[in-house]
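Asks: Take this sequence and fold it.
(chains A and B)
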Amino acid sequence: MARVVVDVMPKPEILDPQGKAVLGALPRLGFDGVTEVRQGKRFELEIDGDLTEDRLAEVNAMAETLLSNPVIEDYAVRVIQESGQESGQ
Amino acid sequence: MPDVRTHLDTVTAAEQDPDREQPWADLGLKADEYARIREILGRRPTSSELAMYSVMWSEHCSYKSTKVHLKQFSDIPQETPVGKMLAGIGENAGVLDVGQGYAVTFKVESHNHPSFVEPYQGAATGVGGIVRDILAMGARPVAVMDPLRFGPLDAPDTQRVLPGIVAGVGGYGNCLGLPNIGGEAVFDETYLGNPLVNALCVGVLRHEDLHLAKASGVGNQVILYGARTGGDGIGGVSVLASETFDADGPAKRPSVQVGDPFMEKLLIECTLEIFAAGLVAGIQDLGGAGLSCATSELASAGDGGMHVELDRVPLRDSTLAPEEILMSESQERMMAVVEPGDVEAFMAICAKWDVEAVVVGEVTDGDRLLIDWHGECVVDVPPRSVAHDGPTYNRPFARPAWQDALQADGAESLPRPTTGAELRATVLRLAASPNLCDKSWITDQYDRYVQGNTVLAQPSDSGMIRIDDETNLGVAVSTDCNGRFAKLDPYAGARLALAESYRNVATGGARPLAISDCLNFGSPEDPDVMWQFAEACRGLKDGCLELGIPVTGGNVSLYNQTGDTAILPTPVVAVLGVIEDVTQRTPTGFQAAGDKVFLLGETREELSGSEWAHVVHGHLGGLPPAVDLAAEQALAELLVDGVGLLTSAHDLSDGGLAQALVESALRHDIGVSVRLAGDAFVGLFSESAGRVVVTVAPTDGDALGALASRYGVALTELGVTGGGSVTVEDQFDLPLVEARAVWSATLPAAFA
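Replies: Residues are numbered from 1 along each chain as shown, chains lettered A, B, ... in the order given. Okay, here's the model as predicted:
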């Protein structure tokens, strides 16, 4: 078993209306000093069996085709080992 | 882009370094166009100027291949059946007088290519763009409509684009609180890889509130307001819409614009309050080509020049270069020209609505558009040369070599159903086919009734909205185009689109006043396609002259093709009509059992290009149905006059009488029994134009007869409403439960 995390973020040049709304709400709630907010999403995938190169390539394909919209979003795949340590990919 | 602060390309630099290599070809310019820019300026353009010229001279913005043909629409008298146009072609949208001091503006535009790249955002920003066009006329947007075209229902790419496009149209429009009152969803294999997303918006204003886009009055301030400018859609619409897609993977796709409908809603309310306060001397929305378009068009339409300090533009991304700021197609932005004394009041209203606004320049007494970047001049051009004096192409066009063979291959000789059982099976098969099936899976995702003024919406023939809740004055709009007819004969096809849209407005009881068109075609570099375009324009112009209604404006979308395969020529025609009292209208669909059912208009053996030939035989050939616009006009007059007498009316078009009966019966689950004189197959499936199925109360048959003879419209008694099935005497009996099951299953089965 291994846990893989896929982080999906709107591409830097793409407007992020949700992040903008959060940025607008923060000062209204008394939180000052935030100059930029970008909102993304995080997927946690539990992978059965050994996390081979092939399996990892498959996770990348999942991220490319379903978890993110590559036209307007970037994604990053991270592996969290059974011990809980992270390693970037 | 190189680092702008060290490599800023100024006018001075352009003069000192005249021979620098410039990426004009990558920006879509041709060698002669680049040479022409150098000639206009008397030097090489700066990179900012090159950016502006390249987007403004793109096909999408300059209409360079089509303006020689579009010009003829200006020959049509700028007058509707009820009065003069208040603004015509050339403005953001045409404005019509509809009486009681009200005016209405409407326009249909395409957002095809962006919607292929990113379906949700492409469609959403298509709605946003047309709404701002209407807003820029001083009108409050009151309704939207979306004519859509897709590849085959079962194609994987349709599975990708359709849900996204529909969700995008719904998401943006619903967030704005605008009812979506109609449109089309048509499937054909030629739209695979080239879906069409056309978006229409209707706006209402009082006569005195009309505003035109121009920058005049020396010293007047130029204010950019709305969303911040980011790197989205740089060259998006303009470059995208001007070149055919090649086989590049996702990585090479240009960045797309993302819409923010809540920002747009603030922009609408803010702009309308600014109009009401009388603070606007000129105004322009920012759409395709962004600031390049707004600054050059405003300055060009005014009487002086303009000076802009580009570094004042509020940015979402501080690393943007001046070229990118000029080309950015960030959404939800407007530009206003305001007298200096009004700036403070203008800013106060923007602040109230939480809309960022910045004075970015002023109107000058020169005749140049000057743009500075941190004090250095990066653009110094005659604005007209950017906005209006773009290249004009007389593209070669010729009747395609295959046209004769296509027209000779009529559908009239195809094998037909003969028995009652075969006819029944054909009615069911057609009712379940993608083009004729129930579209509520799509339209249920749109809010059709928000604001409480929607009188008719899908599945009615037209969308109708009330514009005054005291007098009940209203307008009706329909959009139509049968691309197969246009392929068989583009001249006739455009006239048929016009006739159908005109008829659909009249079936509800509204008087058709004017059209807007969205002309979707393949590559203008193909003489076959250019011929289709020229023929369609000629057909529309002749048709509008015959019907006495003007073209108020519209949009052209070219390069809708994959490889050598162009889409079906698709000149979508939107007709707008006025109705004095929306409570006195004619509904679509049978309302009560026992009503007499009649057919208005004549049925001929016209099956070529029909839905029957398409669905059953996969056949396209022959000549489209004949168009008789004088007959259409008489029919429309009858329908308008017949409000109150007619208990229902439904236009006959795709699928012929068979489909019209099925739809009319399914509307309120009231069946119908008809007797067909002559060939039952032809009677059911011919798609002859100029026909409407109507019902009247049992005692009103003679009154309808008198009305029909007064207008010279052929009248055939078909039968009577009632029961639980569609019955054709001596042929078949089709229970409505069975018809509804297949009719409503198609889209949910494909997408749910």
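
Asks: B:Asn180 is in contact with B:Pro147, isn't it?
Replies: No: in this structure, B:Asn180 is not within contact of B:Pro147 by C-beta atoms under 8 Å, at 11.6 Å. Heads up, the C-betas are built off the backbone N, CA and C, glycines and all.

Asks: which stretch of helix or strand covers residue 21?
Replies: With no chain named, the answer covers chain A. helix A:17-28 (DSSP states H and E).

Asks: CA atoms only for that helix - export them in PDB, please.
Replies: Coordinates of each C-alpha in helix A:17-28 appear next as PDB, following Å, rounded to 0.1, in the frame of the first residue of the first chain:
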ATOM      1  CA  PRO A  17     -12.200  33.600  -9.200                       C
ATOM      2  CA  GLN A  18     -12.400  31.400  -6.000                       C
ATOM      3  CA  GLY A  19      -9.000  32.500  -4.800                       C
ATOM      4  CA  LYS A  20     -10.000  36.100  -5.600                       C
ATOM      5  CA  ALA A  21     -13.200  35.700  -3.600                       C
ATOM      6  CA  VAL A  22     -11.200  34.400  -0.600                       C
ATOM      7  CA  LEU A  23      -8.700  37.300  -1.000                       C
ATOM      8  CA  GLY A  24     -11.600  39.700  -0.900                       C
ATOM      9  CA  ALA A  25     -13.200  38.100   2.100                       C
ATOM     10  CA  LEU A  26     -10.000  38.000   4.300                       C
ATOM     11  CA  PRO A  27      -9.800  41.700   5.100                       C
ATOM     12  CA  ARG A  28     -13.500  41.900   5.700                       C
END
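
Asks: Chain B against chain A: which residues are in contact?
Replies: B:117-118, B:121, B:227, B:230-232, B:250, B:253, B:255-260, B:262-263, B:316-317, B:330-331, B:354 (C-beta under 8 Å from any C-beta of the partner chain).

Asks: In strands, which of these appear?
Replies: Per DSSP state E, strands hold no members of the residues of chain B next to chain A.

Asks: which parts of stretch B:367-386 are buried?
Replies: For stretch B:367-386, the neighbour count (16 or more other C-beta atoms under 10 Å in any protein chain shown) marks B:368-373, B:377-386 as buried.

Asks: and which of the residues you listed is nearest chain A?
Replies: Top of the list for closeness to chain A, among the buried residues of stretch B:367-386 and by C-beta to the nearest C-beta, is B:Trp373 at 19.8 Å.

Asks: ok, and the closest non-adjacent residue to B:Gly171?
Replies: Distances taken as C-beta to C-beta, 6 or more residues apart in numbering or on different chains put B:Ala124 closest to B:Gly171, at 5.8 Å, once the chain neighbours are dropped.

Asks: Could you list which residues are in contact with that neighbour?
Replies: Residues near B:Ala124 by C-beta atoms under 8 Å, 6 or more residues apart in numbering or on different chains: B:168-169, B:171-172, B:259, B:261.

Asks: Would you mind listing which of these are buried?
Replies: Using 16+ other C-beta under 10 Å, the buried members of the contacts of B:Ala124 are B:168-169, B:171-172, B:259, B:261.

Asks: now these as a markdown table including distance to B:Ser709 and pLDDT?
Replies: What follows is the buried ones among the contacts of B:Ala124, written out as a markdown table (distance: C-beta to C-beta, whole Å; pLDDT from 0 to 100):
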| residue | distance to B:Ser709 | pLDDT |
| --- | --- | --- |
| B:Gly168 | 49 | 96 |
| B:Val169 | 44 | 96 |
| B:Gly171 | 51 | 94 |
| B:Tyr172 | 49 | 96 |
| B:Gly259 | 53 | 92 |
| B:Pro261 | 52 | 95 |
